[in-house]
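Undergrad: what would the 3D arrangement of this be:
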Amino acid sequence: MQMWILKTRTFYLNRTWGRRSMKLTLILLTFVSIFSLYSVHLLLKTANEGGSLLYEQLGHKAFGMVGKLTASGSITMQNIGAMSSYLFIVKYELPLVIQALMNIEDTNGLWYLNGDYLVLLVSLVLILPLSLLRNLGYLGYTSGLSLLCMMFFLIVVICKKFQIPCPAEIAFLVNETVNGSLAQPAAFVGFNRTESDSCQPRYFIFNSQTVYAVPILTFSFVCHPAILPIYEELKGRSRRRMMNVSKISFFAMFLMYLLAALFGYLTFYEHVESELLHTYSSVMETDILLLIVRLAVLVAVTLTVPVVIFPIRSSITHLLCASKEFSWWRHSVITVSILVFTNLLVIFVPNIRDIFGFIGASAAAMLIFILPSAFYIKLVKKESMKSVQKIGAMFFLLSGIVVMTGSMALIVLDWVHNAPGGGH
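TA: Coordinates of the predicted model:
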């Protein structure tokens, strides 16, 4: 289950390599995964001591209504960001799949190749009916299918590395999709650097895009809202057993993120796009294997979106109508509102990086760094404030505050600085 929660962000981690560097991202990926695992340890220990297996309830016990609202708001923001990432995949990949299947060359004026229209159509016809269900009986099937999809995607990325020559050695054209229609291709032959330099990995790069590295990686390792429900349902429940499950899941996702990002970067170097499959389409537009990957990914993310809606709706219902009986009218209104808001984000925010950056710097930082350590310090009474455990949690809390405030400030500065032509 934890692996399903973590898996889909692999598509976008390639940008972290392409715009930053190899060693820098490897270092950040390692540290973020270790910190995330440590925060799971704090959360499980706090749950045992605090007597609650609900994230929001721990917040209420620790800091009253403020803690409950903070936890609920962070979970909602995080899951909306996850939903947005899945719908961005639909927006960018479904037009290419339809275009390839129908063998269409001229895409001008065709509404069914417009990503915005297709996102709305998929949300209305497929996602909404599944989201309105009261129970998640199909969760086991969709999570397994999604994980198999990602493994297939990873295998293809590794194989393509040995089939596609370096971009500097071929007449490589990049087509960028804008509002669902293909823009004029721009060839990036004739770089400022030499051909050999273009095909060499760059290990440490610091530029205006580096500020998004930590938030994106932080966003990619958030599964904490689901830790406690999984812990509650674990047979023969024990904190040690749950930590072993977490270690295996985090290590598996660490390898998947690392290999996908590494081989994606070593295929296209600094020319890798925010969504990796888009980069492949620039050189292999009729590749059958990539078409199969796209279809598999689209099915997986479409089935995953309703699953992500459930904790958001549950959190909102728990806050607003905790004492009221179930109502189909309220259930439907909340579901439609969540879908409408997420679709507006996907349509009007041009770059998924901005959503990842903002939510990773705010909600993800809260869920990984700040809230688990704050709950631990407040609720675990048997350890003194001078103990190694409490000092470690305090340091972790301060680190989270630094990460959140620093990342948010740098992201806002980048938005302001690059607003006129920054491609956001």
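
Undergrad: can you tell me the element residue 413 falls in?
TA: helix 388-417 (DSSP states H and E).

Undergrad: now that helix: buried residues?
TA: The neighbour-count check on helix 388-417 (16 or more other Cβ atoms under 10 Å) flags 389-390, 393, 396-397, 400, 403-404, 407-408, 410-411, 414 as buried. Backbone N, C-alpha and C define where each C-beta goes, glycine included.

Undergrad: pLDDT and distance to residue 100 added to those, as JSON lines?
TA: Formatted as JSON lines, the buried residues of helix 388-417 follow (pLDDT from 0 to 100; distance: Cβ to Cβ, whole Å):
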{"residue": "389", "pLDDT": "91", "distance to residue 100": "55"}
{"residue": "390", "pLDDT": "93", "distance to residue 100": "57"}
{"residue": "393", "pLDDT": "93", "distance to residue 100": "52"}
{"residue": "396", "pLDDT": "95", "distance to residue 100": "48"}
{"residue": "397", "pLDDT": "95", "distance to residue 100": "50"}
{"residue": "400", "pLDDT": "92", "distance to residue 100": "44"}
{"residue": "403", "pLDDT": "89", "distance to residue 100": "41"}
{"residue": "404", "pLDDT": "91", "distance to residue 100": "42"}
{"residue": "407", "pLDDT": "86", "distance to residue 100": "38"}
{"residue": "408", "pLDDT": "88", "distance to residue 100": "40"}
{"residue": "410", "pLDDT": "83", "distance to residue 100": "39"}
{"residue": "411", "pLDDT": "85", "distance to residue 100": "36"}
{"residue": "414", "pLDDT": "79", "distance to residue 100": "35"}
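
Undergrad: coming back round to it: pull the distance from the helix holding residue 413 to the chain's centre.
TA: 19 Å (Cα atoms, centre = their mean, to the nearest Å).

Undergrad: list just the nearest of the buried residues of helix 388-417 to residue 104.
TA: Nearest to residue 104, judged by Cβ to Cβ, of the buried residues of helix 388-417 is residue 414 at 36.9 Å.

Undergrad: just the helices in the stretch 151-300 of the chain please.
TA: Here the stretch 151-300 of the chain has its helices, by DSSP state H, counting those that start in this stretch, at 195-198, 213-220, 224-233, 239-268, 276-281, 288-320.

Undergrad: just those helices: most buried one?
TA: Stretch with highest mean neighbour count among those: helix 213-220 (a mean of 26; mean count of other Cβ atoms under 10 Å).

Undergrad: now do that helix, average pLDDT.
TA: Here helix 213-220 scores 81 as its mean pLDDT.

Undergrad: helix 239-268 and that one, what's the angle between them?
TA: Interaxial angle of helix 213-220 relative to helix 239-268 (axes from the mean of the first three to the mean of the last three Cα atoms, to 10 degrees): 130 degrees.

Undergrad: please name every helix or strand in contact with helix 213-220.
TA: helix 10-19, helix 22-50, helix 352-359, helix 388-417 (3 or more Cβ pairs under 8 Å, 6 or more residues apart in numbering; DSSP states H and E).

Undergrad: select, out of those helices, the one closest to residue 303.
TA: helix 10-19 (15.9 Å).

Undergrad: how about low-confidence regions in the chain?
TA: 1-22, 107, 135-143, 167-199, 201-211, 274, 281-286, 419-424 (pLDDT under 70).

Undergrad: mind checking the longest helix of the protein?
TA: In the chain, assigned by DSSP state H, the helix with the most residues is helix 55-102.

Undergrad: immediately after it, which helix or strand?
TA: Assigned by DSSP H and E, the successor of helix 55-102 is helix 115-122.

Undergrad: tell me the contacts of residue 346?
TA: 84, 87, 88, 91, 119 (Cβ atoms under 8 Å, 6 or more residues apart in numbering).

Undergrad: quick check: it vs residue 87, distance?
TA: 4 Å (Cβ to Cβ, to the nearest Å).

Undergrad: okay, and the common contacts of those two?
TA: Residues touching both residue 346 and residue 87 (Cβ under 8 Å, 6+ apart) are residue 119.

Undergrad: so residue 315 sits against residue 77, correct?
TA: No: using Cβ atoms under 8 Å as the test, residue 315 is too far from residue 77 to be in contact (10.5 Å).

Undergrad: if we can go back for a sec, can you redo the contacts of residue 346 as TSV with distance to residue 44 and neighbour count?
TA: Listed next are these as TSV, based on distance: Cβ to Cβ, whole Å; neighbours: other Cβ atoms under 10 Å:
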residue	distance to residue 44	neighbour count
84	29	24
87	32	26
88	32	24
91	37	26
119	37	23
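
Undergrad: turn those residues into TSV, columns for distance to residue 307.
TA: Putting the contacts of residue 346 into TSV (distance: Cβ to Cβ, whole Å) gives the following:
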residue	distance to residue 307
84	15
87	14
88	17
91	19
119	18
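
Undergrad: just curious, which of these is nearest to residue 354?
TA: residue 84 (10.1 Å).

Undergrad: residue contacts, that closest one?
TA: Per Cβ under 8 Å, 6+ apart, neighbours of residue 84: 342, 345, 346, 349, 352, 355.

Undergrad: narrow these to just the buried residues.
TA: Buried, going by 16+ other Cβ under 10 Å: 342, 345, 346, 352, 355, out of the contacts of residue 84.
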